[in-house]
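In: next come a sequence and a model predicted from it.
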Amino acid sequence: MLLPLLLITAVAALAANVREFGARGDGKADDTAAIQKAADAGKGAVFLPRGGYRITKPIRLDLTRNGPLGIHGDGTATIVMAGEGPAILVTGSHKKSADPKGVTELTAERERAPLIDGFAIKGANAAADGIRVEGTIHAVFSRLYLSKLRNGLVLTGLNRNVLVSDVNVYDNDGIGILLDKLNLHQVNIVNSHVSYNKLGGIVVRQSEIRNLQIGSCDIEANMMVGGEPAANILFDTRGGSIREGAITGSSIQHYGRAKGSANIRFIGEVNAPRKVGFFSIGDNMISDADLNIHLKHARGVNITGNTFALGFSYNLLVENSSNITVGSNTMDQNPDYDQPDFRNTVQFEDSSDSQILGLLINRSRKAEAALIIRRSHHFRIADTTVLDSDGIGILLDRVDWTRVSGCLIHDRRPESRDRVAIRVAGGVRNQVESNLVEGKIVVE
């Protein structure tokens, strides 16, 4: 523990300490001008010692003008944004890709890798944001606490190779991490806690994004009961596109009573269903939302290795999508968390070229069927298990060129009677074979 402390002390000694530029840090005085002077002093690093630093205008970290620049603390400082806009505005001039051939000498020498680390930002104005970032490459955001703001961290314009780690974005009136009108390649959001942000957790809208990784995070309750539908993770590509990425190893959950809200939601363009996809959703714990996962106009999404519970309307709803693989996920309802009105169902509508392999659905409730494929074609459903569920086990409704094989469907409850295990209603070129079921197989 001694070495990190000595390192922090040494870095602080070389940095522009805001107290030396007149900042009071008493939570009352307006420290805007003093902190801005420290940022413009040419030392590069700005250090925030312990205290509360009230500001009324954004602190501008102008990389083009000031060269390599960052602002950091030792975890004991809080910036209180009493004005409108971001508490910290980070800007550069990078306009190209992350390929080294496209990085100018100005960017490589003066604008690379701004570091924002080790302090808190709290809002004291309804229009206060935490951090806003434009035109950067290799920006790093770590060990931050962003709370009581409108939006926590906002990335916009063109950015490349962004790292967000060990950040708490908590209890904000808007969105936790917002990627808005953004052109970005390579962004990692890891080891972070994003929760109780009323309008969404991690939200992407009207952006062009490639290589987005979300991993080892706790993302929960980023929606309001009685409010407009929101999502813990929302990719809205109407007016943009998102491809190449993964959501892995995270806990994504709450609130099931927020009608229309989702844990994970992808929304693509109606007439361009390929704009959101080429994505993996794996090894997460996903629970307690009206829709646990919702895909609309998506293409190329692999959902495997997740544990689902408490999907109040759906565990998975897929609409107008293609090339979706649902693998060996567990969709359970543990009696310890039992609630009376969950459904825990899986439904595909108007979709194609997809497969459901090795899925377990246990205790679907009050639904027409545990697994529904409707107005769709070219599906393979294999080695899927449906246990102790209300309604039909697997329903194919106006489905073509679909095969159901190797599935196990059994209701072990003593009150179950005269069950329909599999129903095929309409459609052509469908095949149902080699399934082990209790109840009838009905082909209409």
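Out: Structure's in. What do you need? A quick note: this is a predicted structure, and the numbers were derived from the prediction, not measured.

In: measure how buried residue 64 is and give me the count.
Out: 14 (other CB atoms under 10 Å). Just so you know, the C-beta spots here come from the backbone N, C-alpha and C atoms, and that holds for glycine as well.

In: just confirm it contacts residue 91, I think it does.
Out: Yes. Here residue 64 reaches residue 91: they are 7.1 Å apart, a contact under CB atoms under 8 Å.

In: what sits against residue 148?
Out: Remark: with contacts taken as CB atoms under 8 Å, 6 or more residues apart in numbering, residue 148 is in contact with 122, 123, 124, 171, 172.

In: change it to 7 Å
Out: 122, 123, 171, 172 (CB atoms under 7 Å, 6 or more residues apart in numbering).

In: where does the third one sit relative to residue 387, distance-wise?
Out: Counting by CB to CB, to the nearest Å, the gap from residue 171 to residue 387 is 39 Å.

In: and the contacts of residue 148, which are buried?
Out: Among the contacts of residue 148, those scoring as buried are 122, 123, 171, 172 (criterion: 16 or more other CB atoms under 10 Å).

In: in strands only, show me the residues you listed.
Out: Secondary structure assignment by DSSP state E places 122, 123 of those in strands.

In: and which of the buried ones among the contacts of residue 148 is nearest to residue 154?
Out: Ranked by distance to residue 154 (CB to CB), the buried ones among the contacts of residue 148 are led by residue 172 at 11.2 Å.

In: related to what we said a few turns ago, need the buried ones among the contacts of residue 148 in TSV with pLDDT, can you?
Out: Formatted as TSV, the buried ones among the contacts of residue 148 follow (pLDDT from 0 to 100):
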residue	pLDDT
122	98
123	98
171	98
172	98
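
In: ok, now which ones touch the spatially closest residue to residue 14 that is not a sequence neighbour?
Out: Leaving aside its chain neighbours, residue 14 sits nearest to residue 45 (6.8 Å; criterion: CB to CB, 6 or more residues apart in numbering). Neighbour list for residue 45: 11, 14, 15, 16, 70, 72 [criterion: CB under 7 Å, 6+ apart].

In: just put those residues in CSV and tack on neighbour count and pLDDT.
Out: As requested, the contacts of residue 45 are exported to CSV (neighbours: other CB atoms under 10 Å; pLDDT from 0 to 100):
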residue, neighbour count, pLDDT
11, 13, 50
14, 11, 70
15, 20, 86
16, 20, 94
70, 20, 92
72, 22, 96
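
In: in JSON lines, list these along with secondary structure and distance to residue 221.
Out: What follows is the contacts of residue 45, written out as JSON lines (DSSP: H, G, I helix; E, B strand; the rest coil; distance: CB to CB, whole Å):
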{"residue": "11", "secondary structure": "helix", "distance to residue 221": "36"}
{"residue": "14", "secondary structure": "helix", "distance to residue 221": "41"}
{"residue": "15", "secondary structure": "coil", "distance to residue 221": "37"}
{"residue": "16", "secondary structure": "strand", "distance to residue 221": "38"}
{"residue": "70", "secondary structure": "strand", "distance to residue 221": "31"}
{"residue": "72", "secondary structure": "strand", "distance to residue 221": "29"}
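
In: burial of the closest residue in space to residue 73 that isn't next to it in sequence, as a residue count?
Out: Closest residue in space to residue 73, ignoring its immediate chain neighbours: residue 119 at 3.5 Å, by CB to CB, 6+ apart. Look at residue 119: counted by other CB under 10 Å, it has 23 neighbours.

In: quick check: which element contains residue 119?
Out: According to DSSP states H and E, residue 119 maps onto strand 115-123.

In: could you point out which element follows that strand?
Out: According to DSSP H and E, the helix or strand after strand 115-123 is strand 128-134.

In: tell me how far that following strand is from the chain's mean position?
Out: Here strand 128-134 is found 18 Å from its chain centre; the criterion is CA atoms, centre = their mean, to the nearest Å.

In: pull the residues that contact that strand.
Out: Taking CB under 7 Å, 6+ apart as the rule, strand 128-134 contacts 81, 83-91, 116, 121, 139, 141, 146, 149-157, 159.

In: if any of these are buried, put those into a PyMOL selection.
Out: Buried residues within the contacts of strand 128-134, by 16+ other CB under 10 Å, are selected in PyMOL with:
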select buried, resi 81+83+86+87+88+89+90+91+116+121+139+141+146+149+150+151+152+153+154+155+156+157+159
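
In: now, the contacts of strand 128-134 that are in helices?
Out: Applying DSSP state H to the contacts of strand 128-134, no entry is found in helices.

In: list the contacts of residue 308.
Out: 286, 287, 292, 315, 329, 330, 331.

In: residue 80 is in contact with residue 124, isn't it?
Out: Yes. Assessed by CB atoms under 7 Å, residue 80 is found in contact with residue 124 at 5.3 Å.

In: who are the contact partners of the residue nearest to residue 296 when sequence neighbours are not counted?
Out: Among residues not flanking residue 296 along the chain, residue 319 sits closest, at 4.6 Å (CB to CB, 6+ apart). Residues in contact with residue 319, defined by CB under 7 Å, 6+ apart, are 296, 349, 350.

In: the last one against residue 375, yeah?
Out: Right, the one you point to is residue 350. Yes. Here residue 350 reaches residue 375: they are 5.0 Å apart, a contact under CB under 7 Å.

In: ok so, going back, show me which of residue 80 and residue 124 is the more surrounded one.
Out: Shown here are residue 80 and residue 124; by other CB under 10 Å, residue 80 has more neighbours (21 against 15).

In: secondary structure element for the residue nearest to the more buried one when sequence neighbours are not counted?
Out: Closest residue in space to residue 80, ignoring its immediate chain neighbours: residue 54 at 4.7 Å, by CB to CB, 6+ apart. If you go by DSSP H and E, residue 54 is part of strand 51-55.

In: for residue 194, same thing?
Out: strand 193-195.

In: which residues touch that strand?
Out: 168-170, 176-177, 201-202, 217-222.

In: what two of those are the furthest from one another?
Out: So, those by CB to CB: farthest apart are 177 and 221, at 14.8 Å.

In: of these two, who's got more company?
Out: When neighbours are counted by other CB under 10 Å, residue 177 and residue 221 differ, and residue 177 comes out ahead with 32 against 21.

In: for the more buried one, which residues make a bridge with it?
Out: residue 153, residue 202 (DSSP bridges).

In: equivalent analysis for residue 77, please.
Out: According to DSSP bridges, the residues that bridge with residue 77 are residue 51.
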